[in-house]
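Enquirer: The following comprises the amino acid sequence and a computationally predicted model.
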Amino acid sequence: MVKKILGLIGHQVGYSLSPQMHNTAADLLGLPYFYTVFQVHPPENLRIALEGARALDIAGFNVTIPYKERVLKYLDSLSAEAAEVQAVNTILNRDGQLIGYNTDISGFAEPLLAHKNRLSGESVAIFGSGGATRAAIQALKQYFKPARICLVARNESRAHAIREDFRRRSKSVKISIHGIDDADLADILSECRLIVNATPVGTEQPTPAAKPATPETLLPPDSTIWSRDKIAYDLVYRPMQTPFLKAAADAGATTIGGLDMLLAQGAKAFELWTGKKMPIDQVRNVLLRDLSEPPQR
């Protein structure tokens, strides 16, 4: 049986669990799909890669760092949610038409739903200024109704662009911008019920260039902001216990790891491509075994 090809478009994504997740699901359901990784670099090659995918009739993609926003201009159409946040993490090839979706929004929200009452009307903070940050903001607005979202970013110009995009569409949530080195950052974070790491900081990458976490790269830099009433949510899933989550757990805070979001957004993408529901519990068990082993170098 000829298998339909799915894949992940990104840069330095050899560590990704997406191939394991989707191939396990397809095998369990007996579906003719094979998922692989497409390393696209430099960014100028993105258009060529997508044209090649169209010509080769590749069935669909996930999109990750650094292309979730850049990919928009090369697609034929966008779902309502992808258009709303101006970021795409899933592409469906429908008869040569590349359609962009954002399953990160519901994927981000799903692990937080059990804490919905703790977040309504509260301040929350997000570290990051990329496509995952856009999805997190939309999910928080759509599902949890916080009073304020504090964006903490090294690239403050990107953070300001995100805020302006959301302001143009809705003024329902106040978004403030803070630099990673701001003197009052610890005070700001102390007021936030939820703190999200939507950056790659803390990722254990199986590449020679991977750098270990240092005090300068830990998020947030001041561990004293954690307490039992807070929630820490790290979108990084390798390792499962990041420095960010460990600092929060040590202070008694609720912690949510990136594997939960990976599975939630992945299940939505899988259904878009195949029309079938992912057997999440079985897939989770396979991924947990994989994460318990050191990354291949």
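Expert: That came in fine, so what should we check first? Numbering: from 1, shown residues only.
Enquirer: OK, contacts around the residue nearest to Thr103 when sequence neighbours are not counted?
Expert: Distances taken as Cβ to Cβ, 6 or more residues apart in numbering place Lys268 nearest to Thr103, at 3.7 Å, with adjacent residues excluded. Backbone N, C-alpha and C define where each C-beta goes, glycine included. The contact partners of Lys268, by Cβ atoms under 8 Å, 6 or more residues apart in numbering, come to 90, 101, 103, 106-107.
Enquirer: Show the subsequent helix or strand relative to the helix or strand that contains Lys268.
Expert: If you go by DSSP states H and E, Lys268 is part of helix 258-274. Where DSSP H and E defines the elements, the next helix or strand beyond helix 258-274 is helix 280-291.
Enquirer: That next one vs helix 258-274, what angle?
Expert: Counting by axes from the mean of the first three to the mean of the last three Cα atoms, to 10 degrees, helix 280-291 lies at 130 degrees to helix 258-274.
Enquirer: show me what contacts the most centrally placed residue in the chain?
Expert: Per Cα atoms, centre = their mean, the C-alpha nearest to the average position across the chain is that of Ala132, at 4.5 Å. Residues near Ala132 by Cβ under 8 Å, 6+ apart: 68, 87, 104, 108, 198, 235.
Enquirer: ok, now with 6 Å
Expert: 198, 235 (Cβ atoms under 6 Å, 6 or more residues apart in numbering).
Enquirer: what do you get for Ser227?
Expert: Ala251.
Enquirer: circling back to that earlier point, please tell me how far the residue nearest to Thr103 sits from Met240.
Expert: 22 Å (Cβ to Cβ, to the nearest Å).
Enquirer: Tell me how far stretch 28-45 lies from the chain's centre.
Expert: Centroid separation between stretch 28-45 and its chain, computed with Cα atoms, centre = their mean, to the nearest Å, is 17 Å.
Enquirer: same thing with stretch 58-73?
Expert: 12 Å.
Enquirer: again with stretch 285-295
Expert: 19 Å.
Enquirer: So, low pLDDT: which residues of this protein?
Expert: Filtered on pLDDT under 70, the chain yields the residue ranges 205-218, 221, 294-297.
Enquirer: mind redoing it with 50?
Expert: 206-216 (pLDDT under 50).
Enquirer: residue ranges of the strands in it, please?
Expert: Under the criterion DSSP state E, the chain contains strands at 4-10, 33-39, 60-63, 77-78, 90-94, 97-101, 123-127, 148-153, 174-179, 192-197, 231-234, 254-256.
Enquirer: so what strands line up beside the fifth one?
Expert: So the one you mean is strand 90-94. strand 60-63 (antiparallel), strand 97-101 (antiparallel) (DSSP bridges).
Enquirer: And the contacts of the last one?
Expert: Residues from elsewhere that reach strand 97-101 (Cβ under 6 Å, 6+ apart): 75-79, 82, 88, 90-92.
Enquirer: how about a cut-off of 10 Å?
Expert: By Cβ atoms under 10 Å, 6 or more residues apart in numbering, the surrounding residues in contact with strand 97-101 are 50-51, 53-54, 58, 60-61, 63, 68, 71-72, 74-83, 87-93, 268-269, 272.
Enquirer: chain center to stretch 114-124, what's the gap?
Expert: 20 Å.
Enquirer: What residues of that stretch count as buried?
Expert: 118-119, 122-124 (16 or more other Cβ atoms under 10 Å).
Enquirer: How about stretch 130-146?
Expert: Here stretch 130-146 shows 130-141, 143-144, 146 as buried, counting by 16+ other Cβ under 10 Å.
Enquirer: With stretch 29-43 instead?
Expert: Under 16+ other Cβ under 10 Å, the buried positions of stretch 29-43 are 31, 33-35, 37-38, 40.
Enquirer: can you give me the end-to-end distance of that stretch?
Expert: By Cα to Cα, to the nearest Å, the extent of stretch 29-43 from end to end equals 35 Å.
Enquirer: Tell me how many other residues surround the spatially closest residue to Gly202 that is not a sequence neighbour.
Expert: In space, Gly202 comes closest to Thr242 once its chain neighbours are excluded; the distance is 3.9 Å by Cβ to Cβ, 6+ apart. If you count neighbours by other Cβ atoms under 10 Å, Thr242 ends up with 26.
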